[in-house]
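Visitor: pasting a predicted model and its sequence here:
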Amino acid sequence: MPGQPLKLRNECKMNAKTKAKNNKKNTSKAKSQAEPKTHGKTLTRYLMTTGLKLAFVVLIVFVFYGIYLDGKVRHKFEGQRWQVPAQVYGAVPTLTLEQSVNFDNIELQLLQLNYSRVSRVDEPGEFTRKGPRLIIYRREFDFGLGLEAAAKIEIEQKAGEVYRLSFNDHETYKIQLEPILLERILSSQGEDRVFVPLEQIPQSMVETLLFVEDKDFYHHHGLSFTGIARAFWQNLKAGARVQGGSTLTQQLAKNMYLNRAKTLWRKINEALIAVILELRYSKDQILEAYVNEVYLGQHYGNGIYGMGLAANFYFGKPLSLLTEEQVALLVGIVKGPSYYDPWKHPERALERRDLVLRVMFENHLLDRETYQQGIESSLDIRPNRRFAQRSFPAYSQQVRRELKQFGATQALQSGLRIFTGFDFVKQLNAERTVLNQLDVLEQRQGVDDLQVSMIITNVSDASIAAIVGDRNVKYSGFNRALDAKRPIGSLIKPAVYVSALERFEQYNLATPLADEPLTLQNEQGQVWQPKNYDGKYRQKVSLIQGLTQSLNIPTVNLGMTLGLDSVADTLNALGYEASVPRNPSTLLGSISMSPLQVSQWYSTIANNGMYNKSRAITAIYTGGGKVVWQQSQVADQRLSLQGAYLIDYALKNVAKEGTAKRLGWQFPKLALAGKTGTSNDLRDSWFVGYDQGTLVTTWIGRDDNKSMGLTGSSGALTLYSEFIAAQGGESRFDLLPEGVEMTNFELATGNAVTNECMAMVRYPAVRDGLFHSKKCLQPKPKKKSWFERLFGGSSDTSTGGGN
């Protein structure tokens with residue numbers, strides 16, 4: 001301040017600076033003391049904010065992931081849950097009153113189906129034979145339209161025919177037996193299963209499964225912490241793992257939606273999916289899915305999924321027929337199909353089964369006696385882990401081709417039930433015939449490398465009953481029955497002769513045909529001179545004789561008179577779908593066909609002129625019983641009933657006294673029909689034969705097309721005769737259709753005549769086409785009166801003129 005001493009002013013300045021400096025230090029000190037508190041609040045606020053944001057993000061992710069999982073669960077659970085294999089069945093054996101029956105053949109099929117022969121029938125899957133009666137306890141089966149309950153069937157025969165039928169102790173006129181499961185067409189993933197609805201699962205299995213795997217199943221919501229604790233305690237008491245901690249819903253989630261990797265993320269997904277399943281679906285739906293989804297073993301490259309298939313795999317019987325100890329073994333295997341594999345580790349499997357039996361006993365599912373019997377019994381599994389080999393590759397090829405034609409291949413994994421015309425007994429007899437006869441023929445002829453095919457169809461509907469496509473009957477490669485097209489030789493002749501017989505006003509069985517040397521020349525100047533097989537000429541033969549003796553010259557003369565177009569049209573009408581060459585040589589079988597093609601048009605002849613498309617498949621159903629495809633029953637009469645009867649009569653004559661006459665003396669009580677066929681230089685041997693119910697087409701030849709020295713009668717016919725000897729036959733009916741009557745014909749002229757002529761034959765003929773001649777070339781001598789016989793004298797033997 002002014003007036004203050006300099007020293008005092010300086011001190012004041014110094015004090016002021018010191019004070020300011022101290023104030024600054026105090027402020028800094030205060031700030032430094034306050035900063036930690038402010039910073040802590042800010043960090044906490046930051047962490048809370050960040051945590052909330054992260055929680056929100058996690059929640060959003062969790063919600064969206066939950067929505068994703070929910071969609072995934074619903075898509076599979078409500079759609080096609082599994083790729084259930086298509087099941088291909090053979091023909092359903094059907095018996096009606098007065099039908100021919102062969103108990104030996106029925107028994108053979110029952111044994112193939114794992115039915116047990118017993119002295120007294122008490123349970124499904126059993127049968128017994130007592131004299132003329134066969135009693136069968138048929139197992140439950142879905143014939144395509146829903147599951148039919150097990151039924152007790154009794155068949156009584158008399159003189160080889162069904163005399164009485166009984167169904168559950170009530171007489172009936174028709175019964176069906178269980179068909180053979182021919183094939184299961186598996187998914188590309190190799191999963192095999194038999195779907196079993198919950199109501200068809202034995203109650204003892206359901207209760208045992210719940211006691212062992214998830215006692216609180218009907219009380220929890222997908223996760224059970226008490227269940228985990230109880231499982232720990234039960235396992236501790238038993239000294240082994242007898243109860244699991246995961247719920248059935250968790251196991252289903254793992255089996256159906258997840259892999260088997262043991263990771264935390266998989267367990268989280270398993271829990272989430274289990275909760276979703278519980279929220280979306282009922283307990284019964286979840287239980288049904290579990291029983292059909294659970295993995296229970298490995299059949300070589302294919303997994304065994306579901307209790308239904310496992311019952312067949314381990315015990316060879318349906319789920320409904322398992323004993324209590326078998327139920328216990330299946331439930332026990334759930335924990336480790338590989339570890340408890342009863343074939344590889346029978347001791348482990350037995351111990352595991354007995355532990356489950358004890359759980360059943362302790363929970364009052366078994367009485368003491370049953371429990372004691374159970375633990376003392378053996379495992380009672382099939383002797384071999386491989387499923388019964390019902391390998392019929394040639395037939396399966398045809399089934400798969402037809403499925404492709406029907407456009408059903410995309411639906412094969414949706415549990416289709418495919419029914420076919422397959423007949424196990426006929427297939428077995430065809431295979432045995434080939435195996436027995438081919439070696440014999442090679443030794444007899446001094447040849448080797450013979451090949452063969454047989455195709456067997458049912459006359460009534462042309463359904464294919466059996467196929468052999470190679471001498472190695474289990475060969476799955478080139479199928480000669482379907483794909484080998486060879487010249488058919490004289491098999492063509494019935495098409496020529498029936499073309500004439502349909503013109504009943506011009507031709508009948510007695511019509512004379514020229515059998516003289518013949519020369520034909522085409523437009524290019526090429527000459528063709530056909531000859532009969534024996535090289536002989538008979539001048540004239542009757543129409544039926546030309547076919548019965550398989551004579552070439554009369555056949556060519558007849559075919560050329562009818563016209564090649566007429567013969568080709570007849571062949572197409574009978575069922576041959578390809579174009580027919582208009583060449584004279586076609587009349588003697590230069591045309592090439594596969595055995596299936598031959599069988600197709602011969603089936604029309606065998607079925608009285610009624611055409612049916614020849615197929616292996618007869619019906620296809622969805623797993624729910626809806627018809628996908630069914631063979632049409634529309635009548636398609638391709639030949640007149642009269643013409644069909646006459647050609648059938650002629651072909652029966654072939655088997656009786658013609659080129660197939662060995663059938664006549666080998667089976668004198670059977671009326672069979674058929675036709676031999678031989679191609680040039682004896683390269684192909686054919687025979688088509690049929691009785692009332694079965695048409696058999698056989699071919700023998702060499703793949704290199706070399707001669708083998710066999711005709712139709714010395715080669716292929718022997719296969720047919722052995723097949724009939726094994727299979728048995730049913731004589732052709734011989735009922736004259738309306739408008740056909742037995743008629744006398746003069747042998748020399750072929751005229752319809754009265755009983756007054758010499759050298760007559762008697763054949764059926766169409767009444768409206770007959771012209772009765774009043775004169776004979778050689779009348780019968782008049783009978784002498786008693787006076788002429790007593791005193792001598794001659795009768796009038798004058799000869800009338802021919803007509």
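Guide: Structure received. Numbering: from 1, shown residues only.

Visitor: need the per-residue pLDDT for residue 693.
Guide: If you check residue 693, the pLDDT there is 95.

Visitor: hmm, I typed the wrong one, I wanted residue 1.
Guide: As predicted, residue 1 sits at a pLDDT of 46.

Visitor: swap in the one 5 residues further on?
Guide: Note on residue 6: pLDDT of 46.

Visitor: which residues touch the residue at minimal distance from the centre of the chain?
Guide: Central residue of the chain (Cα atoms, centre = their mean): residue 88, 3.4 Å from the mean position. Counting by Cβ atoms under 8 Å, 6 or more residues apart in numbering, residue 88 touches 181, 182, 183, 184, 185, 396, 399, 418, 420. From N, CA and C alone the C-beta is placed, and that goes for glycine too.

Visitor: among these, which are in strands?
Guide: Among these, the members found in strands (DSSP state E) are 181, 182, 183, 184, 185, 418, 420.

Visitor: wait, the third one sits on residue 399?
Guide: Meaning residue 183. Yes: with contacts counted by Cβ atoms under 8 Å, residue 183 reaches residue 399, the gap being 7.3 Å.

Visitor: neighbours around residue 602, how many?
Guide: As a burial measure, residue 602 scores 30 neighbours (other Cβ atoms under 10 Å).

Visitor: got the phi/psi numbers for residue 743?
Guide: phi -130, psi 140 (degrees, to the nearest 10).

Visitor: the nearest residue to it once chain neighbours are set aside in helix, strand or coil?
Guide: Using Cβ to Cβ, 6 or more residues apart in numbering and skipping the chain neighbours, the partner closest in space to residue 743 is residue 765 (4.4 Å). State at residue 765, reduced to three classes by DSSP: H, G, I helix; E, B strand; the rest coil: strand.

Visitor: check contacts around residue 391.
Guide: Going by Cβ under 8 Å, 6+ apart, the list of residues near residue 391 reads residue 474.

Visitor: in three-state terms, label it for me.
Guide: Under three-state DSSP, residue 391 comes out as coil.

Visitor: and it, how far from residue 125?
Guide: 23 Å (Cβ to Cβ, to the nearest Å).

Visitor: got it, and residue 648?
Guide: 43 Å.

Visitor: re the thing from before, in JSON lines, list the contacts of residue 88 along with neighbour count and pLDDT.
Guide: Converted to JSON lines, the contacts of residue 88 look like this (neighbours: other Cβ atoms under 10 Å; pLDDT from 0 to 100):
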{"residue": "181", "neighbour count": "17", "pLDDT": "91"}
{"residue": "182", "neighbour count": "23", "pLDDT": "91"}
{"residue": "183", "neighbour count": "23", "pLDDT": "87"}
{"residue": "184", "neighbour count": "16", "pLDDT": "84"}
{"residue": "185", "neighbour count": "17", "pLDDT": "82"}
{"residue": "396", "neighbour count": "21", "pLDDT": "94"}
{"residue": "399", "neighbour count": "23", "pLDDT": "94"}
{"residue": "418", "neighbour count": "26", "pLDDT": "93"}
{"residue": "420", "neighbour count": "28", "pLDDT": "97"}
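
Visitor: which among those gets closest to residue 497?
Guide: The shortest approach to residue 497 among these belongs to residue 420, at 33.4 Å (Cβ to Cβ).

Visitor: the closest one reaches residue 467, doesn't it?
Guide: No: the pair residue 420 / residue 467 is not scored as a contact, 10.9 Å apart, by Cβ under 8 Å.

Visitor: need the overlap of contacts for the two.
Guide: Counting by Cβ under 8 Å, 6+ apart, the shared contacts of residue 420 and residue 467 are 395, 616.

Visitor: can you read off the pLDDT for residue 69?
Guide: 74.

Visitor: okay, now it: neighbour count?
Guide: Burial of residue 69 is recorded as 17 neighbouring residues (other Cβ under 10 Å).

Visitor: which SSE is immediately downstream of the one helix or strand it maps to?
Guide: Assigned by DSSP states H and E, residue 69 belongs to helix 6-78. Counting by DSSP H and E, the next helix or strand C-terminal to helix 6-78 is strand 86-89.

Visitor: tell me the buried residues in the following helix or strand past that following strand?
Guide: Downstream of strand 86-89, the next assigned helix or strand under DSSP H and E is strand 94-96. Residues of strand 94-96 classed as buried under the neighbour-count rule (16 or more other Cβ atoms under 10 Å) are residue 95.

Visitor: with stretch 562-569 instead?
Guide: Buried residues in stretch 562-569 (16+ other Cβ under 10 Å): 562, 564, 566, 567, 568.

Visitor: secondary structure, distance to residue 274 and pLDDT for those residues - can I get that in CSV?
Guide: What follows is the buried residues of stretch 562-569, written out as CSV (DSSP: H, G, I helix; E, B strand; the rest coil; distance: Cβ to Cβ, whole Å; pLDDT from 0 to 100):
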residue, secondary structure, distance to residue 274, pLDDT
562, helix, 78, 97
564, helix, 76, 96
566, helix, 75, 97
567, helix, 73, 97
568, helix, 70, 97
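
Visitor: just to revisit the earlier point, can you list the ones in strands among the contacts of residue 88 in CSV and add distance to residue 527?
Guide: Compiled in CSV, the ones in strands among the contacts of residue 88 are given as follows (distance: Cβ to Cβ, whole Å):
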residue, distance to residue 527
181, 59
182, 53
183, 54
184, 59
185, 55
418, 54
420, 50
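
Visitor: report the two of those residues separated the most.
Guide: The farthest-apart pair in the ones in strands among the contacts of residue 88, when distances are taken by Cβ to Cβ, is 184 and 420, at 13.6 Å.

Visitor: could you chop this protein up by domain?
Guide: Per the record, the chain has its domains at 89-181, 184-376, 740-791, by automatic domain parsing.

Visitor: which one of those domains lies closest to residue 71?
Guide: Comparing the domains of the chain against residue 71 with Cβ to Cβ, the closest turns out to be domain 184-376 (9.8 Å).

Visitor: measure the closest one end to end?
Guide: 36 Å (Cα to Cα, to the nearest Å).

Visitor: where in the stretch 501-650 of the chain is pLDDT low?
Guide: Along the stretch 501-650 of the chain, the model assigns pLDDT under 70 to no residue.

Visitor: and the helices in it, which stretches?
Guide: Under the criterion DSSP state H, counting those that start in this stretch, the stretch 501-650 of the chain carries helices at the ranges 543-548, 552-562, 564-574, 595-606, 641-657.

Visitor: how about the residue nearest to residue 743, what does it touch?
Guide: By Cβ under 8 Å, 6+ apart, the residues touching residue 765 are 504, 508, 509, 510, 646, 740, 741, 742, 743, 745, 752.

Visitor: thought residue 769 was touching the third one, still the case?
Guide: No: in this structure, residue 509 sits apart from residue 769 without contact. The criterion is Cβ under 8 Å, and the distance is 11.4 Å.

Visitor: neighbour count for these two, which is higher?
Guide: residue 509 (26 against 16).

Visitor: tell me the spacing between residue 119 and residue 177.
Guide: Distance, residue 119 to residue 177, by Cβ to Cβ: 21 Å.

Visitor: those two: which has the busier surroundings?
Guide: residue 177 (21 against 7).

Visitor: could you tell me how many residues sit around the nearest residue to the more buried one once chain neighbours are set aside?
Guide: The shortest distance from residue 177 to any non-neighbouring residue, by Cβ to Cβ, 6+ apart, is to residue 93 (4.1 Å). For residue 93, the neighbour count with other Cβ under 10 Å is 18.

Visitor: can you tell me how far residue 93 is from residue 729?
Guide: Distance check for residue 93 against residue 729: by Cβ to Cβ, it reads 18 Å.
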